[in-house]
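Colleague: Let's see this in three dimensions:
(chains A, B, C, D and E)
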Amino acid sequence: MPLFPLVPRAVTRPFRRRTKPGAAPGTVRVHPDSPKPVVHIIAYGPEQFEERDLENLDELPALLERFAVTWIDVSGLGDADIIRGLGEKFGLHPLALEDVVNVHQRAKVEEYDERLFIVARMVAIEERVETEQISMFLGKNFVLTFQERPGDCLEPVRARVRKARSGIRADGIDYLAYALIDAIVDGYFPVLEEFGGRVDALEDDVARRETEDVVARIHQLRSDLLVVRRSIWPHREAVNALLRDRHPLFSDRTRLYLRDCYDHTVQIIDVTENYRDMCSDLRDFHFSQLSIRQNEVMKVLTIIATIFIPLGFIAGVYGMNFDTDVSPWNMPELEWFYGYPFALALMAAVAGIMLIFFRRRGWLGGRRRREPD
Amino acid sequence: MPLFPLVPRAVTRPFRRRTKPGAAPGTVRVHPDSPKPVVHIIAYGPEQFEERDLENLDELPALLERFAVTWIDVSGLGDADIIRGLGEKFGLHPLALEDVVNVHQRAKVEEYDERLFIVARMVAIEERVETEQISMFLGKNFVLTFQERPGDCLEPVRARVRKARSGIRADGIDYLAYALIDAIVDGYFPVLEEFGGRVDALEDDVARRETEDVVARIHQLRSDLLVVRRSIWPHREAVNALLRDRHPLFSDRTRLYLRDCYDHTVQIIDVTENYRDMCSDLRDFHFSQLSIRQNEVMKVLTIIATIFIPLGFIAGVYGMNFDTDVSPWNMPELEWFYGYPFALALMAAVAGIMLIFFRRRGWLGGRRRREPD
Amino acid sequence: MPLFPLVPRAVTRPFRRRTKPGAAPGTVRVHPDSPKPVVHIIAYGPEQFEERDLENLDELPALLERFAVTWIDVSGLGDADIIRGLGEKFGLHPLALEDVVNVHQRAKVEEYDERLFIVARMVAIEERVETEQISMFLGKNFVLTFQERPGDCLEPVRARVRKARSGIRADGIDYLAYALIDAIVDGYFPVLEEFGGRVDALEDDVARRETEDVVARIHQLRSDLLVVRRSIWPHREAVNALLRDRHPLFSDRTRLYLRDCYDHTVQIIDVTENYRDMCSDLRDFHFSQLSIRQNEVMKVLTIIATIFIPLGFIAGVYGMNFDTDVSPWNMPELEWFYGYPFALALMAAVAGIMLIFFRRRGWLGGRRRREPD
Amino acid sequence: MPLFPLVPRAVTRPFRRRTKPGAAPGTVRVHPDSPKPVVHIIAYGPEQFEERDLENLDELPALLERFAVTWIDVSGLGDADIIRGLGEKFGLHPLALEDVVNVHQRAKVEEYDERLFIVARMVAIEERVETEQISMFLGKNFVLTFQERPGDCLEPVRARVRKARSGIRADGIDYLAYALIDAIVDGYFPVLEEFGGRVDALEDDVARRETEDVVARIHQLRSDLLVVRRSIWPHREAVNALLRDRHPLFSDRTRLYLRDCYDHTVQIIDVTENYRDMCSDLRDFHFSQLSIRQNEVMKVLTIIATIFIPLGFIAGVYGMNFDTDVSPWNMPELEWFYGYPFALALMAAVAGIMLIFFRRRGWLGGRRRREPD
Amino acid sequence: MPLFPLVPRAVTRPFRRRTKPGAAPGTVRVHPDSPKPVVHIIAYGPEQFEERDLENLDELPALLERFAVTWIDVSGLGDADIIRGLGEKFGLHPLALEDVVNVHQRAKVEEYDERLFIVARMVAIEERVETEQISMFLGKNFVLTFQERPGDCLEPVRARVRKARSGIRADGIDYLAYALIDAIVDGYFPVLEEFGGRVDALEDDVARRETEDVVARIHQLRSDLLVVRRSIWPHREAVNALLRDRHPLFSDRTRLYLRDCYDHTVQIIDVTENYRDMCSDLRDFHFSQLSIRQNEVMKVLTIIATIFIPLGFIAGVYGMNFDTDVSPWNMPELEWFYGYPFALALMAAVAGIMLIFFRRRGWLGGRRRREPD
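Modeller: From the prediction side, this is the model:
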């Protein structure tokens, strides 16, 4: 049964990685399985560009000074020292850092003095849906992102920054932040497309009356849709908060783009609920088919049994061994001249009456309608 | 099985046409299947009128100057150059242009400087419901509309403009915009009427206990109603935004008409939910009928089987071949003078007891009530 | 099957009467089936009173001048000229007039300059629920009402006006408007009372295990309750709007009465939902009874069949015709001295074991509890 | 069937007592079954106390003058004159008086000039839940309460007032009003406790697999909980209105106590919904048990029938009477030396194959798991 | 059946401990089963620390004076005198004290003059979920907590205070209050983790088609999740009230931490609902499996019965004892040369036709699809 688990395990597991309850707030506890962090730097201005992995955090101040925008992208959360080190360098609040390593946060936007702290969730789909937390700190001239592991949906943004004459180079950190959020939110669309394909495939199977694992697959799909829905839902509120709170880091022009991004979150929620509704409908339809077919099975059994059981009884009666010699009362039919034809006729009559009864009940032929009685 | 698909394919497909995730915002990517655009012009003032297809976009500035109102109607989105060209000519924001070609937008109203950008969805019904996005840009003296393909529900508006003395000619672009939105929203009513007819037809079939494809048709209808509901729902908010935000392009007088239009959206939502509720009720009722009939089937089987199986057993006993000559204990009944009548009487007694039992349980005759026991 | 239709046809029909989509707003299109309008006048002041049918609309100005309050009541919407004529005489907005003839409006209150336009729905019950739209225009000294057809729930108001010393004569048009709205809303109570009776009757039938048409009747009742609920729901908002918006036509004193009326709408909604919940509960209970009884039926079948089928098999074995003369292995039991008693004892033993098995499973007697095993 | 009615009759009956629809507002129509009113007076000040039944309403003015607080408690609504008399004496609004006799009001608070009009519902439980309307008028120095019939949950308040040194005597009418409302709201707790006991009892029965009337009792409990929920729900809003609107009759100190009372209403709503959820869960669980057991029944039937029906068929074959003398093709098995053992072995083989089949399907023994196949 | 009770008894019991309805508000009535209170003191300032059990309440004033922060932790509510004594010493409002002993309060925050009164619920899980009320009074220099019984989730906070150089010592009572609330809220996470494990275990059992007690366990889990959800839900509002109302006792810095705590409550609610949804999905899936398997069982029965019942009938016919000597019409087949082979062939033909019928219906093999017919 390769279909299981029904419930994406990712959903029931995140809490095992949490900071211990009651610990001092702001504790950065690293999970042993987390990959070691790789710090990747993309720094640029209208005329400059530099991209490389950073080995030593001490190079950061120089970079920040030289470039208009520095994007420090940390993939992997397996080293508490690096995270705390970055926290100190950029003056990040311990509560925010704790949220970076407790990778089960809902999307949100929080202000800590001049820093803006944004949490979002990327989504990917293999067999099942996976989500990955990305935490983002915004300062005057830097964007600092933390991802759980290497690999993300932000490559198109990097490609745009690398292109010498792209508009993005002329813009500030707010546009970069928007581009990242937009890429994360847009990353939901291929997942939805995959879901759309699965809904179509499921529907084909339901239509062809495949019964093998349809229910399990519908349940899986619904669970995955639930994961996506719970993941995207708080993004709407978070993007809206960016739009509404008019944080000084974001220019009016970028806010216009964020409005577009907000529309996308609403659309994704909409499609997700649409798909969930369709899954429910498919499941209901599947069960209604099943129940209609069970009804058919019952009818066939009933028709066959109720016709032949009485006939069998008649045959049984004339199979009794009462001694016809002892008395004229003992089964005189056996010695009638037309005894056997009479018995057969009796059986035919019983079967005929039954058939008429069934026909009047509308049980013969699924398509016939019941006469009003 | 011509009833499938249960789920309107249009619902699961739109994302295949999207701009690639992470692309620079404002990218106008045309889908290869989109029909080539036809640009149709209707320009008028209180005393003037001109209508024709436009071959060359360069004629536009002259038209805009000569007429009080110019309606540029683009049918088909298959040529990115024309769309970008119009965008430049009218100073449209790239994000809005991107929304024009990504034809899966929810209805909305957005301001870009002095332009008002309105997205709406037209609805049509053949076998299944289809929706089509119409995007509208409003400027001081023009209305620019983009449709996915030729053919729409706006013909009555064109007819009114063509009539020399219609009131619409004396009004500005706000009234034309209202007339278009009103025609789009009113276009939902014939679809609802069609749905009303289908609900009635379904009900007749449920009442006549047709079981063949009732469930599939109810599911189809519910899916279509879902499409309509999700399509009209954001129109309410969009029209309300036009009413509430008092954009300078819209006069108070036109706003009065928009209020009427808002009422219509509320009414359409109301009716759609009404129909969905009725579909659910019909389905529930259908299944309750099915389950009541399955109950009947079971009862018939039980009555026949429980009466005749014991009788058959009795007949079987007297069909055994124990040798009556060997011992007086071996089936002496077979040689009784009234052995056979005795056996028949025994059978009748058993059947009678069974019938009394069933009658007391209220199983004989669906209409009889169970006596309190 | 006199119980059908399940769905009140009135619900799926109103759209056939609509103004054509895309027509110029404010078009008054009369439905051919509508009865011809009868214009009934009740005009009064503290000391005056006049009541009659009006043949000629030109008498109106004189009436309006002579009396403090004139109530023009139009029953029947079958003549567009009269409606348009009244519209002109009273300066009514074309959009409001369109709503008068498109008789599927939700209850609402709208201001058009100094006129107040109120739509309400009267409810009546014969076999099924029927609703009728009543449109009301309020001016400084007149109340103009349009009803779909003759016959309404406003007779008690007329009776109060006719009484020489009734308080209503001393009041203005606001109190008359309130009295009409109150009579319309109060008209829901007898319908609810009828529904209450039907719920009681249904419950009796469910309790007596009548199964014939209980489900159809519950569905009908639920559909009717849905009609009432959707009909009354917008009244609450409409009455609240009258209370809240403090329109100058309504005095503070009358507003106090409207608050009472608002309470009634809340109460009607409350009771309607109460009844719908009860209907659902009754249906669930009915099906749970059905399923419990089906369980019983199955148990009886299983008990009888599983006891007698093995017994029948034993009888069948000893009914085989193997030749006992050929071999001592061939059915020697047939020639045992106690062969027959042995066979009967074997059968009794099998039956006994089965009965013990059933008893331990708790299947014998619906009231016995299952022993823990 | 002593369990019926499922639906508390009190729910479907109140409308039969209503003022006729369309009657002039403020009509006091007394229901013939209402008990005659008894007017009970408790008047007190910090140092004074008087308690007695009042025969003559004319004594009231003197009382009101002599005491700081006078509580006039009217039990029974069977005399319109007394009610109207009190209305005139205390300057009560006719609409409020109409609400006093139409005893189906939802809890509410209304201001009429200087009078505060409060409606609440007391709840009691015998077999089923009963509610009783209590209407309260508050003036500067009096509290006037109307109850449907004698007997209430206010006795503890009376006891506190009677005690010479109780704090309540030093307080004003606002504290008395609070004490009454608090006693009414607290009166819901014993009912909830009773419900808690019933939920526990139901659960025991479901656990012990009692099936007799569990479903009916769960439905009853749910109906009763619905009555309580609909009864308490508006109290929350009413008490909140008292808190929020800062009516001059209520001191800040008393408002602090009302906040406590508000908490209680929230808590009662919470518990009621909790219990309803549990009832639903119990019902679902009960049906899941039922369906699992029906599954078991079906399996037993299937196992027995599918084993013995083929065996019976084999026995039947060898019970056929073909004449073995006529032809060597006619049932030669009957004359084989090992014919009978062969037949028995054949039967045993068939039964064995069936058992292996069932075992592989996991049908033997409810507790065995299905092997993956 | 060790799985019961389905419903955590704690849910239906709290009301038995309540103050009597109608009693004077602020009555402190102690429940006889409550453990005797132990008063534990932790007093500290930046440089000082003292921790011990307090025997005599009179030592309190001295403590309060000496230390910046004094945390008086009372475990056990079994002595009304001590509670009332503390109430007097700290000037607590009687209504708040009543809430302390009526341990069924929802989480809330209330202001009484300068005191802040906070109620929260701790959660713990053994077999089933248990909740415990903790009431907290905050004054300028003290935190007074009341717990129902010894043992809590606050030990980590105590450990942090005991550590000489912990940051908590430098902070005021607001940070201590935050730390307590945070520890209480964080205490929900291990419970959720336990639930996560149970959901996983349940899913494994559903996947392995264990049917024994899956349904009961799902119901238990859902009930427990309901308890947690109803318990945590009001915490969100309470923490939000602390954030929003800007009570002077709380510094802006601490409010930043509370925001983190608020996030946790939202997250816990989110996860709880996630788990409830999954439980529902598992139950649905379980029942769909059950119903699919019942369908299989029915099919096997039907196939076997409908094949062999007609065959048995044929055998029965040729087992009849009509006297072939009397007439050539009486069962001449018995004396045909190929009579027996003919009968067997007839049976084979009937069985073959049946099998073809079943195969066309797709009943043979659960995995085959139905051919379109």
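Colleague: Assign the residue in the stretch 251-373 of chain A positioned nearest to chain D to helix, strand or coil.
Modeller: Distances between the stretch 251-373 of chain A and chain D by C-beta to the nearest C-beta are smallest at residue A:319, namely 6.8 Å. All C-beta spots, glycine's among them, are computed from the backbone N, C-alpha and C. Per DSSP: H, G, I helix; E, B strand; the rest coil, the secondary structure class of residue A:319 is coil.
Colleague: I'd like the distance from the strand or helix carrying residue A:192 to the chain centre, please.
Modeller: Using DSSP states H and E, residue A:192 sits in helix A:188-207. Computed by C-alpha atoms, centre = their mean, to the nearest Å, the chain-centroid distance of helix A:188-207 equals 11 Å.
Colleague: That one and chain E in contact?
Modeller: No - Helix A:188-207 lies out of reach of chain E by C-beta under 8 Å from any C-beta of the partner chain, never closer than 9.3 Å.
Colleague: now the helix or strand following that helix and helix A:188-207, what's the angle there?
Modeller: Per DSSP H and E, helix A:188-207 leads on to helix A:214-245 as the next helix or strand towards the C-terminus. Computed with axes from the mean of the first three to the mean of the last three C-alpha atoms, to 10 degrees, the direction of helix A:214-245 lies at 150 degrees from that of helix A:188-207.
Colleague: what about helix A:214-245 and chain D, any contact?
Modeller: No - for a cut-off given as C-beta under 8 Å from any C-beta, helix A:214-245 has no contacts with chain D; the smallest distance is 14.1 Å.
Colleague: Any idea how far that helix is from the middle of the chain?
Modeller: Between the centre of helix A:214-245 and the centre of its chain there are 8 Å (C-alpha atoms, centre = their mean).
Colleague: Can you give me the distance of residue A:255 to residue A:143?
Modeller: Distance from residue A:255 to residue A:143, counting by C-beta to C-beta, to the nearest Å: 17 Å.
Colleague: related to what we said a few turns ago, next, give phi and psi for the residue of the stretch 251-373 of chain A closest to chain D.
Modeller: Phi and psi for residue A:319, reported as degrees, to the nearest 10, are phi -90, psi 0.
Colleague: and whichever residue of the stretch 251-373 of chain A sits closest to chain E, how many neighbours?
Modeller: Going by C-beta to the nearest C-beta, chain E is nearest to residue A:315 of the stretch 251-373 of chain A, at 3.2 Å. Neighbour count for residue A:315, taken as other C-beta atoms under 10 Å in any protein chain shown: 26.
Colleague: and what of residue A:128?
Modeller: Residue A:128: 16 surrounding residues under other C-beta under 10 Å.
Colleague: my guess is it meets residue A:217, correct?
Modeller: No - using C-beta atoms under 8 Å, residue A:128 is not in contact with residue A:217; the gap is 11.6 Å.
Colleague: What are the boundaries of the helices in the stretch 51-200 of chain A?
Modeller: For the stretch 51-200 of chain A, the helices defined by DSSP state H, counting those that start in this stretch occupy A:60-66, A:80-90, A:94-101, A:155-162, A:173-186, A:188-207.
Colleague: Name the stretch among those helices that sits most buried.
Modeller: Scoring those by mean neighbour count under mean count of other C-beta atoms under 10 Å in any protein chain shown gives helix A:173-186 as the most buried, with a mean of 24.
Colleague: Let's test this: mean pLDDT of that helix, rounded?
Modeller: If you average the pLDDT over helix A:173-186, you get 94.
Colleague: Mind giving me the packing neighbours of it?
Modeller: Judged by 3 or more C-beta pairs under 8 Å, 6 or more residues apart in numbering or on different chains; DSSP states H and E, helix A:173-186 is in contact with strand A:69-75, strand A:115-125, strand A:129-138, strand A:142-147, helix A:155-162, helix A:214-245, helix A:252-317.
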